[in-house]
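**Q** Sequence first, then the predicted structure, then my questions.
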Amino acid sequence: MDLPFPFGLPFASAFYGALLALTFTMHLVFAQIVLGGTAWLAILGIKNAPHDSVAQTLRNWLPFALGIAITLGVAPLLFLQIVDKQGFYTAGLLGSHRFMAILPALIVGFYLLYLQKKLGNMAHRSWRVLLPILTLLAFTLTGYSWSEQHVLAQDRDVWASMYAASRMRYSGAEVLPRFLFFASTSLPTVALAVLLLTSEAKRCAGVAWIGIAGMLVSAAWLFGTMPPSRLAAWSGGNLAWSIALAAGLATAAAGWSLVRFRSRIRPALLVPSWLVVVLSIAALREGLRIASLRTRGAAREQLVRAHERAFEVGGFPVFVLFALLLVCLLAWLSRRVARELSRSPGA
């Protein structure tokens, strides 16, 4: 595939792949806010900053962000079962109880976030340290499990051996650096969210720069773990999305530099460049998944036929209707939140 994803694919495959990338982008933004915000909150707890404005903002908004992340995660999960049904279900079954552990982990993390919001600044220091760390562990387990599931779904050569050995843990070399890349990406995302809600420009810029540095280091590590066949998948259309990712990252880094040293740039100007980064990551994720099937003609043809059958089922007008309703609802909620923030003291 020489054209950028999703172009160059059969129409049905391009349609579902594009919807998966777009819906995953929306989910990923809020999931990153939760993971990065929990890590930031844990550090602030260790530093013993009970009345810190950033800590208060995170405690107030993280439960809401997690609810949005879970809600927006439904659509990409459904589209994933169409785009790569065999890989998704096989990896899930092989992971068995380890993969399903993300459900109790999410529940625990969800209630811990609300407990921290309820306790607020009145919590004892030990609770301000312990609760964010436990929450971070729950979300780290969730994120790592999804990274493991994604890589396992593409590594079809190990399926038979894992099943024969009744082994639930997948030890692929790409899993850890891939998770660390996404975890590093969460820091600039939550820094941007906090910057939009507070006036802590320099602190947000510092957190963003740490995340960008982590992205570069983990990306280099990830490339080092990939076999030649996987590295070859970065050519063609995937190279175009890589260039878009690099351009968006460079623009965001320049914007954060202005925030750090001048503090005169409007935070909203950072949003487009970071959306390009997150969208490019989602597109690369799907483009590389498709490229992994190049040498498996039978599996690829089977997926194309499955996409065509799914496209014939119908229901697209209903999907568009509810998608528009969701967009209108989010726009209305955003205006309400912005209005309340403008009325709050110190806004």
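**A** Happy to help now that I have it. Residues are numbered from 1 along each chain as shown.
**Q** packing partners for the helix ranked longest in the chain?
**A** Looking across the chain with DSSP state H, the single longest helix is helix 11-46. Applying 3 or more C-beta pairs under 8 Å, 6 or more residues apart in numbering; DSSP states H and E, we find helix 11-46 packed against helix 53-72, helix 74-83, helix 102-119, helix 125-154, helix 175-197, helix 201-225, helix 270-291, helix 297-313. No exception for glycine: its C-beta is placed from N, CA and C like everyone else's.
**Q** mind showing which ranges of the stretch 1-150 of the chain have poor pLDDT?
**A** 1, 50 (pLDDT under 70).
**Q** among the helices and strands packed on helix 11-46, which is the most enclosed?
**A** Most buried of those by mean neighbour count (mean count of other C-beta atoms under 10 Å) is helix 175-197; its value is a mean of 23.
**Q** That one to helix 125-154, inter-axis angle?
**A** 130 degrees (axes from the mean of the first three to the mean of the last three C-alpha atoms, to 10 degrees).
**Q** okay, the angle between helix 175-197 and helix 11-46?
**A** For helix 175-197 against helix 11-46, the angle by the same axes, to 10 degrees is 70 degrees.
**Q** just use 807 as the starting number from now, easier for me
**A** Fine by me, first position is 807 from now on; the one you just mentioned is helix 981-1003.
**Q** Quick one: mean pLDDT for helix 981-1003?
**A** Mean pLDDT, helix 981-1003: 94.
**Q** counting contacts, what elements does that helix pack onto?
**A** Using 3+ C-beta pairs under 8 Å, 6+ apart: helix 981-1003 touches helix 817-852, helix 859-878, helix 931-960, helix 1007-1031, helix 1043-1067, helix 1076-1097.
**Q** Adding distance to Gly978, write those out as CSV.
**A** CSV is the format used below for the helices and strands packed on helix 981-1003 (distance: least, C-beta to C-beta, whole Å):
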stretch, distance to Gly978
helix 817-852, 21
helix 859-878, 25
helix 931-960, 5
helix 1007-1031, 8
helix 1043-1067, 20
helix 1076-1097, 14
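**Q** Can you say which of the ones you listed is nearest to Trp1138?
**A** helix 859-878 (14.1 Å; C-beta to C-beta).
**Q** tell me which strands and helices that closest one is in contact with?
**A** helix 817-852, helix 908-925, helix 981-1003.
**Q** Dump these to TSV, plus distance to Ala966.
**A** What follows is those, written out as TSV (distance: least, C-beta to C-beta, whole Å):
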stretch	distance to Ala966
helix 817-852	26
helix 908-925	25
helix 981-1003	19
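**Q** Which one, of those, ends up nearest to Val1124?
**A** Using C-beta to C-beta, those put helix 817-852 closest to Val1124, at 13.8 Å.
**Q** What residues of the closest one count as buried?
**A** 818-851 (16 or more other C-beta atoms under 10 Å).
**Q** okay, the angle between that helix and helix 859-878?
**A** 150 degrees.
**Q** now Ser1005, what's its secondary structure?
**A** coil (DSSP: H, G, I helix; E, B strand; the rest coil).
**Q** any idea how far Phe894 is from the closest residue to Lys891 other than its chain neighbours?
**A** Closest residue to Lys891 in three dimensions, ignoring its sequence neighbours and counting by C-beta to C-beta, 6 or more residues apart in numbering: Ala1112, at 6.2 Å. From Ala1112 over to Phe894 the distance is 12 Å, taken as C-beta to C-beta, to the nearest Å.
**Q** wouldn't Asn866 be in contact with Lys923 here?
**A** Yes. Look at Asn866 against Lys923 with C-beta atoms under 8 Å: they come within range, at 6.2 Å.
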